[in-house]
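[1] I'd like to go over a predicted model; first the sequence, then the structure.
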Amino acid sequence: MDWSPIILTLQLATVTTALLFLPALPLAWWLARTESRWKPVVEALVSMPLVLPPTVLGFYLLLAFSPTTTFGAWLNETVGLRLAFSFPGLVIASVIYSLPFMVHPIQAGLRGLPKSMLEASYLMGKSRWETLRRIELPNVRPALLAATVLSFAHTIGEFGVVLMIGGNIPGETRVASIAVYDKVEALDYAGANQYSLVLFALCFGILLLVYLTNARSLRRTVL
């Protein structure tokens, strides 16, 4: 069994999950606190990957990153960055596609905090940043854990987006889900079963760890 697709998948999931925190945390905080009339529009845009076919998103990203387009040519010639059929392109596509899996749990956790807790912090002279860092985030740890795990596991299972933007380049863009597809196309069901079992075990283990951690935290809270 060639383990390079599994390793590449774990690398992609790790980098994607880490990068997702940068836009997801402030975006989730804004959605949980704002009363702006633009909130439904932003929420709809964030949630689009949940309902949009992955191939559609992958197709438009492929067009944007292609060297034949203005943006793609600028990236290639000015920045020296090739995103189509490359690992950096996979990362950007995965960040966009997994964004709601990071934003929604954090948004729900922040929205569930009592307003009295935040008002008390503001009355004590704490800034919004201090309140977020010292009050809000420590009290939404289960939501942060759920967001992290869901984003990581979702990235592991991506297929349509990574196939469209990354293709099937061994050692660079051939992730585990693509390897399963290749094995099935070649009628190598034993090989497909090997990759599938590894992915199944990974995702099940990750989700089980989350539920056990949340259950332990709940018991401590009750006691």
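    Yes, it's here.
[2] can we go C-alpha only for contacts and neighbour counts from here?
    Fine.
[3] Give me the contact list for the helix or strand hosting I165.
    Assigned by DSSP states H and E, I165 belongs to helix 160-166. Here helix 160-166 makes contact (CA atoms under 8 Å, 6 or more residues apart in numbering) with 54-55, 57-59, 61-62, 84-87, 89-90, 93-94, 97, 173-174, 178.
[4] mind checking the longest helix of the protein?
    Residue-count comparison of every helix in the chain, with assignments taken from DSSP state H, identifies helix 189-222 as the longest.
[5] and it, what does it pack onto?
    helix 141-156, helix 176-185 (3 or more CA pairs under 8 Å, 6 or more residues apart in numbering; DSSP states H and E).
[6] now for the longest one, which elements pack on it?
    In terms of contacts (3+ CA pairs under 8 Å, 6+ apart), helix 141-156 is packed against helix 4-33, helix 87-111, helix 189-222.
[7] Return the most buried member of those.
    Highest mean neighbour count of the helices and strands packed on helix 141-156: helix 87-111, a mean of 23 (counted as mean count of other CA atoms under 10 Å).
[8] next one: the helix or strand that it is followed by to chain centre, how far?
    Scanning forward in sequence from helix 87-111 by DSSP H and E, the next helix or strand is helix 115-123. Relative to its chain's centre, helix 115-123 lies at 31 Å (CA atoms, centre = their mean, to the nearest Å).
[9] Over to stretch 116-136?
    Average the C-alpha atoms of stretch 116-136, do the same for its chain, and the two points are 28 Å apart (CA atoms, centre = their mean).
[10] looking only at pLDDT, what's the mean for it?
    Averaged across stretch 116-136, pLDDT comes to 82.
[11] Just the endpoints, please. Distance across that stretch?
    According to CA to CA, to the nearest Å, stretch 116-136 extends 12 Å from its N-terminal end residue to its C-terminal end residue.
[12] From K126, how far out is the closest residue to I92 other than its chain neighbours?
    By the measure of CA to CA, 6 or more residues apart in numbering, the closest residue to I92 outside its immediate chain neighbours is T16, 7.8 Å from it. Per CA to CA, T16 is found 32 Å from K126.
[13] With just CA atoms, put stretch 25-32 into CSV.
    Taking Å, rounded to 0.1, in the frame of the first residue of the first chain, the C-alpha atoms of stretch 25-32 are listed here in CSV:
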residue,chain,number,x,y,z
LEU,A,25,-12.8,33.1,14.6
PRO,A,26,-13.4,36.9,13.9
LEU,A,27,-16.1,36.0,11.4
ALA,A,28,-17.9,33.7,13.9
TRP,A,29,-17.6,36.4,16.5
TRP,A,30,-19.0,39.1,14.2
LEU,A,31,-21.9,36.9,13.2
ALA,A,32,-22.7,36.0,16.8
